[in-house]
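Colleague: can you look at this prediction? I've put the sequence above it.
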Amino acid sequence: MSSIFEAFLSTAEVQEAFGERSFVAAMLRFEAALARAQADAGLIPETAAQTIIGTCKVELFDVAKIVRESPRSGSLAIPLVASLKETVGLFNPAAVDHVHRGCTSQDVIDTAMALVTRDALRLIEADVAQCVQALLRLAEQHAFAPVLARTLTQPASVTSFGSKCVVWAAPLVRSLQRLRLVAPRALQLQLGGTAGTLASMNGKGAQVVERMALDLQLTRPVASWHAQRDEWVALGCEFGLLTGSLGKLAKDLMLMSQFEVAEVAEPAEPGRGGPANMPHKHNPVACMVAIAAAQRAPQRVASLLAAMPQEHERALGAWQAELAEWPLLVMATHGSARALAQALPALQVDTRRMRANLDTMRASLPKGTADDWFALSLAHHAGTLAMQQLAGLRLA
C-alpha cells in the first residue's frame with residue numbers, strides 16, 4: 001500500500017495478504033519447507049531442521065526491523081535470513097550454518113509472492129463469482145425487459161436488460177476459466193540457487209524441489225524461473241483483463257445511473273455515495289472504484305511486460321520493478337471485484353424508467369419515420385437469446 005488512496009481503492013483483506021507481516025510469514029514458510037526437504041534428502045541433520053522449522057514463526061521476529069533494513073541490503077530476504085540465523089542460534093548454534101542452505105534471496109521472495117498471491121487470488125475469484133451470480137439472477141429476472149441499446153453513446157435500437165446482464169457476465173466467466181488454467185502454472189515454487197542450477201545440493205536438488213512443492217502446495221517448476229517470467233506475467237495479464245472487464249461493466253452502470261437516465265442505481269445505504277451538502281445525490285461508489293482500477297491496471301501490466309527482458313540468470317532492477325508493481329495490480333483487481341460484488345446483488349433496476357426512455361426516444365422521431373428500430377419485439381428476441389446464453393453460462 002503506497003498511500004491512503006491506495007487503501008481507498010482496495011480491500012483490507014488483500015492489503016493484509018500483501019502486508020509486511022504476511023509476507024515475512026510466507027518467507028518463513030519457505031525456509032521451514034526448505035529445511036524439512038533438505039533433512040529428508042539427507043543434506044542437513046534432522047536436529048538442525050527441527051530447530052529451523054520450530055523457529056520459523058513470524059511472532060519471533062521484528063518484522064518492522066527486517067523491512068527497515070532491506071533497502072540497505074537490496075533485498076528483503078537478506079535481513080530476514082540474518083535474523084533467522086540469529087534466532088536459530090539461540091536454540092541450537094550448530095544449526096545456524098544449515099539455514100537457507102543452497103538457495104538465494106530470489107528463491108524465498110518469489111515463492112513468498114506466489115504464496116500470498118494465491119491467498120489474494122482466492123479472494124478475487126470468490127468476489128468475481130458473486131458478481132457473476134448476481135448478474136445471472138438479474139438476467140433471468142429481466143430477460144425480456146426492454147431497454148435502449150446505445151452505440152457511440154447514442155440511442156441505437158432496443159435490446160433487453162437481461163441481455164445486457166448476460167453480456168456483462170460472459171467475460172467474467174471467461175476470466176474465471178482462464179485463471180483456473182493460468183494460475184497453477186504461475187503459482188510455482190522458486191528454487192534455483194545462485195545461478196539456477198541447484199549445484200550446492202549435491203545432486204539432490206530435484207528431490208528437494210519436489211518435496212518443497214508438495215509441502216507448500218505450489219506447482220513444481222520445470223526449472224528455475226528467476227529470469228524467465230512468462231508464466232508469472234501471464235497471470236498478471238489475466239488480472240489486467242479481469243479488471244478491464246469489471247471496469248466496462250462499471251462504466252455502463254455508471255452511465256445508466258445518471259439522473260437523466262435513471263435506469264439503474266447502486267444500493268442506497270446511509271453514508272454511501274451521498275454528500276451531506278447535496279442530499280439529492282447518490283454517487284455510484286462501487287462503479288467509481290472499479291473504473292479507477294481499470295484506469296490504473298494497464299500501466300501495472302505494462303510494467304510487468306516491460307520488466308521481462310532480464311539479463312542472464314538473474315536480473316538487476318527489472319525483477320525489483322516487477323515486485324513493486326505486482327501487489328498494486330492485485331490490490332486494484334480485488335478492490336474492483338469486491339466493490340461490484342457488494343453492489344450488484346442489490347442493484348436497483350427501474351424497468352418503468354427503461355420503458356419511459358424508450359417511449360421518449362420513439363416520440364422524438366419525425367412524423368412518418370419508421371420506428372422499426374424501437375419495436376418491442378426486438379426486446380423479445382434479445383431476451384430469448386439471453387435465456388439461451390444464460391443456460392450456457394450457468395453450465396460454465
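Modeller: Perfect, thanks for sending it. Numbers count the residues shown, from 1 in each chain.
Colleague: CA only for contacts and neighbour counts going forward, please
Modeller: OK.
Colleague: tell me the helix or strand right after the helix or strand harbouring Gln177.
Modeller: With secondary structure defined by DSSP states H and E, Gln177 is part of helix 161-186. As assigned by DSSP H and E, the chain's next helix or strand after helix 161-186 is helix 205-216.
Colleague: how far does that next one sit from its chain's centre?
Modeller: 26 Å (Cα atoms, centre = their mean, to the nearest Å).
Colleague: so what secondary structure elements neighbour the very next helix or strand once past that helix?
Modeller: Sequence order places helix 230-256 as the next helix or strand after helix 205-216, per DSSP H and E. For helix 230-256, the elements it packs on are helix 161-186, strand 264-265, helix 285-306, helix 318-343, judged by 3 or more Cα pairs under 8 Å, 6 or more residues apart in numbering; DSSP states H and E.
Colleague: how about helix 230-256: buried residues?
Modeller: Across helix 230-256, burial judged by 16 or more other Cα atoms under 10 Å covers 231-251, 253-256.
Colleague: what angle separates it from helix 161-186?
Modeller: Interaxial angle of helix 230-256 relative to helix 161-186 (axes from the mean of the first three to the mean of the last three Cα atoms, to 10 degrees): 160 degrees.
Colleague: and helix 230-256, what's its mean pLDDT?
Modeller: Averaging pLDDT along helix 230-256 yields 98.
Colleague: could you give the angle of that helix to helix 285-306?
Modeller: Using the same axes, to 10 degrees: helix 230-256 against helix 285-306 is 150 degrees.
Colleague: after the longest helix seen in the chain, next one along is what?
Modeller: Counting by DSSP state H, the longest helix found in the chain is helix 105-141. Downstream of helix 105-141, the next assigned helix or strand under DSSP H and E is strand 146-151.
Colleague: list the buried residues in that next one.
Modeller: Residues Pro146, Val147, Leu148, Ala149 are the ones in strand 146-151 that count as buried (16+ other Cα under 10 Å).
Colleague: quick one on the thing from earlier: what's the longest helix of the chain packed up against?
Modeller: Right, helix 105-141 is packed against helix 12-17, helix 20-40, helix 77-91, helix 161-186, helix 318-343, helix 377-395 by 3+ Cα pairs under 8 Å, 6+ apart.
Colleague: how about Val158, secondary structure?
Modeller: Of the three states, Val158 takes strand under DSSP: H, G, I helix; E, B strand; the rest coil.
Colleague: where does the stretch 251-396 of the chain have low pLDDT?
Modeller: 270-281, 370 (pLDDT under 70).
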